[in-house]
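Q: The amino acid sequence is not available; the structure is as follows:
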């Protein structure tokens, strides 16, 4: 059951490249939250009417050096709302509604290799998921793509805990090009390996990854992004086309039926 609370910022760290990690205490939310679920976050008194959705990045224990019970959100400063969030100092109040939506599910079969595909700030749900998988599925494979090295937030953290391969469009880190190129090479060479893909990032990247997975018969969960006004299924502003029985196309809400959806369900 979601909780709607006002809490205080514990830390708000500039990671460089416009990427920030904000931390707050919310034990009543943390105890039931799953990786890739999200919050609707607002700033009391700010000149913004609607809260904005943010994926949970860290759950208690994800980042070993952080206070017990603290939650973390990774975000990138793009517009007015994220600029206001970046300006918050420790002690500032924020409103937090969560947990919302559906999160990632671990692989069903032992011996499966989880494969993460992240685009830019789409890396946000993967620290918490990496920590959740650590006991049964240690060191997942991760493909992390971005425009440039400055957009690869938390890359050092991932490098210590995953089999990390990076790709940048400007060639400043890892493979020069899109993140789907090294992913395709791995998929083409893993015919006898049990895999499950998990992706989060820009829409075109998710569509490309989803289609690759479906074509190859590889299970794949996609964490979608969408504009949201409410976060709990009322406003219908975040619908995406999905496949129904008999190839009929319908619509599901990213905030309620997602944000994590099976790649085979989406009508690209």
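A: Thanks, I have it. Please read all numbers here as calculations on a predicted model, not as lab measurements.
Q: can you give me the strands in the stretch 101-250 of the chain?
A: Counting by DSSP state E, counting those that start in this stretch, the stretch 101-250 of the chain has strands at residues 113-119, 141-146, 163-168, 175-176, 195-200, 220-223, 239-243, 249-253.
Q: Show me the shaky parts of this structure.
A: 48-49, 191 (pLDDT under 70).
Q: for residue 199, what are its contacts?
A: 116-119, 122, 205-206, 209-210, 220-223 (Cβ atoms under 8 Å, 6 or more residues apart in numbering). For glycine as for every other residue, the C-beta is placed from the backbone atoms N, C-alpha and C.
Q: ok now the lengthiest strand in the chain, how far from the chain's centre?
A: Counting by DSSP state E, the longest strand found in the chain is strand 3-16. Averaging C-alpha positions (Cα atoms, centre = their mean, to the nearest Å) puts strand 3-16 17 Å from its chain's average.
Q: Equivalent analysis for stretch 216-229, please.
A: Relative to its parent chain, stretch 216-229 has a centroid offset of 10 Å by Cα atoms, centre = their mean.
Q: end-to-end on that stretch?
A: Start-to-end span of stretch 216-229 (Cα to Cα, to the nearest Å) is 36 Å.
Q: Mind listing what's buried along that stretch?
A: Neighbour-count burial for stretch 216-229, with 16 or more other Cβ atoms under 10 Å as criterion, is recorded at 218-225, 228-229.
Q: Other residues contacting that stretch?
A: By Cβ under 8 Å, 6+ apart, stretch 216-229 touches 36, 40, 50, 52-53, 55, 104-105, 107, 122, 125, 187, 195-200, 202-203, 206, 209-210, 212-214, 235, 237-238, 240, 254-255, 258-264, 266.
Q: Looking at those residues, which are in helices?
A: Members of the contacts of stretch 216-229 lying in helices (criterion: DSSP state H): 187, 203, 206, 209-210, 212-214.
Q: For PyMOL, what selects the buried ones among those?
A: Only the buried entries of these go into this PyMOL selection, using 16+ other Cβ under 10 Å:
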select buried, resi 187+206+209+210+212+213+214
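Q: Dump the ones in helices among the contacts of stretch 216-229 to TSV, plus distance to residue 180.
A: Formatted as TSV, the ones in helices among the contacts of stretch 216-229 follow (distance: Cβ to Cβ, whole Å):
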residue	distance to residue 180
187	10
203	14
206	11
209	7
210	11
212	7
213	11
214	14
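Q: Pick the one among the ones in helices among the contacts of stretch 216-229 closest to residue 18.
A: residue 203 (19.8 Å; Cβ to Cβ).
Q: For the closest residue to that closest one other than its chain neighbours, give me the backbone phi and psi.
A: In space, and not counting its chain neighbours, residue 203 is closest to residue 225: 7.0 Å by Cβ to Cβ, 6 or more residues apart in numbering. Residue 225 adopts backbone torsions of phi -110, psi 140, taken as degrees, to the nearest 10.
Q: Against residue 258, how distant is residue 225?
A: 10 Å (Cβ to Cβ, to the nearest Å).
Q: Ok, residue 34 next?
A: From residue 34 to residue 258 the distance is 13 Å (Cβ to Cβ).
Q: out of the two, which sits in the busier spot?
A: A direct count of neighbours by other Cβ atoms under 10 Å for residue 34 and residue 258 places residue 258 higher, at 26 against 18.
Q: Just want the phi and psi numbers for the residue lying closest to the more buried one once chain neighbours are set aside.
A: Sequence neighbours aside, residue 224 is the residue nearest to residue 258 in space, at 5.1 Å (criterion: Cβ to Cβ, 6+ apart). In terms of degrees, to the nearest 10, the main-chain angles of residue 224 are phi -90, psi 160.
Q: Adjust the sequence numbering to begin at 28 for everything that follows.
A: Yes, from this point I'll number from 28; that puts the last item at residue 251.
Q: what sits against the residue nearest to the spatial centre of the chain?
A: By Cα atoms, centre = their mean, the chain has its centre lying nearest to residue 152, at 3.3 Å. Applying Cβ under 8 Å, 6+ apart to residue 152 gives the contacts 62-63, 82-84, 130-131, 227, 250.
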